[in-house]
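1. Show me how the following folds:
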Amino acid sequence: MTRITQHDLDRAIEELCTISQLDMKPYNCYGYSQLKQNDGSVVESTLGCTKKELYYQIQFYIQMSRLKKV
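-> All right, here's what the predicted structure looks like:
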C-alpha cells in the first residue's frame, strides 16, 4: 500500500490546476481533504475525502484529460 503524502497531493493539485486552468488549493479539515477555489468555495465533488482518496480522484481526472487530448 502506497502512502500519499501532503507533498504528493500538492503536486497533483498543481497539475490539476494547470490542466483545468482553475486556481485551487488543498483544504484539510477534521481529517478530511478537499479542494477549495481561491474565492473560498469548496469543490463539491471532493467533500469528505481522505488525502489518499482525493489524490486518486485527481489522478483519475488528469488521466481522463490526457486521453481526451489524444
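2. Dump the C-alpha coordinates for the longest helix seen in the chain into CSV.
-> In the chain, assigned by DSSP state H, the helix with the most residues is helix 51-69. Written as CSV, here are the backbone C-alpha positions of helix 51-69 (Å, rounded to 0.1, in the frame of the first residue of the first chain):
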residue,chain,number,x,y,z
LYS,A,51,-5.9,12.6,1.4
LYS,A,52,-5.4,9.3,-0.5
GLU,A,53,-8.9,9.3,-2.0
LEU,A,54,-8.6,12.9,-3.1
TYR,A,55,-5.2,12.2,-4.6
TYR,A,56,-6.6,9.3,-6.7
GLN,A,57,-9.7,11.3,-7.7
ILE,A,58,-7.3,14.0,-9.1
GLN,A,59,-5.2,11.4,-10.8
PHE,A,60,-8.3,10.0,-12.5
TYR,A,61,-9.2,13.4,-13.8
ILE,A,62,-5.7,14.1,-15.0
GLN,A,63,-5.6,10.7,-16.9
MET,A,64,-9.0,11.4,-18.5
SER,A,65,-7.8,14.8,-19.6
ARG,A,66,-4.8,13.3,-21.2
LEU,A,67,-6.9,10.7,-23.0
LYS,A,68,-9.2,13.5,-24.3
LYS,A,69,-6.3,15.3,-25.9
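3. which other residues reach it?
-> Under the contact criterion C-beta atoms under 8 Å, 6 or more residues apart in numbering, helix 51-69 has outside partners 4, 6, 8-9, 12-13, 15-16, 19-20, 26, 28, 33-35, 45-46, 49. Glycine gets a C-beta too; all of them are placed from N, C-alpha and C.
4. Got a PyMOL select line for the buried ones in these?
-> For the buried members of those, the matching PyMOL selection, counting by 16 or more other C-beta atoms under 10 Å, is:
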select buried, resi 4+9+12+13+16+19+26+33+34+35+46+49
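5. Which parts of this structure are helices?
-> Under DSSP H, the chain gives helices at 6-20, 51-69.
6. out of those, which comes closest to S41?
-> When these are compared by C-beta to C-beta, helix 6-20 sits nearest S41, at 14.7 Å.
7. Mean pLDDT added to the helices of the chain, as CSV?
-> Formatted as CSV, the helices of the chain follow (pLDDT from 0 to 100):
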stretch, mean pLDDT
helix 6-20, 93
helix 51-69, 90
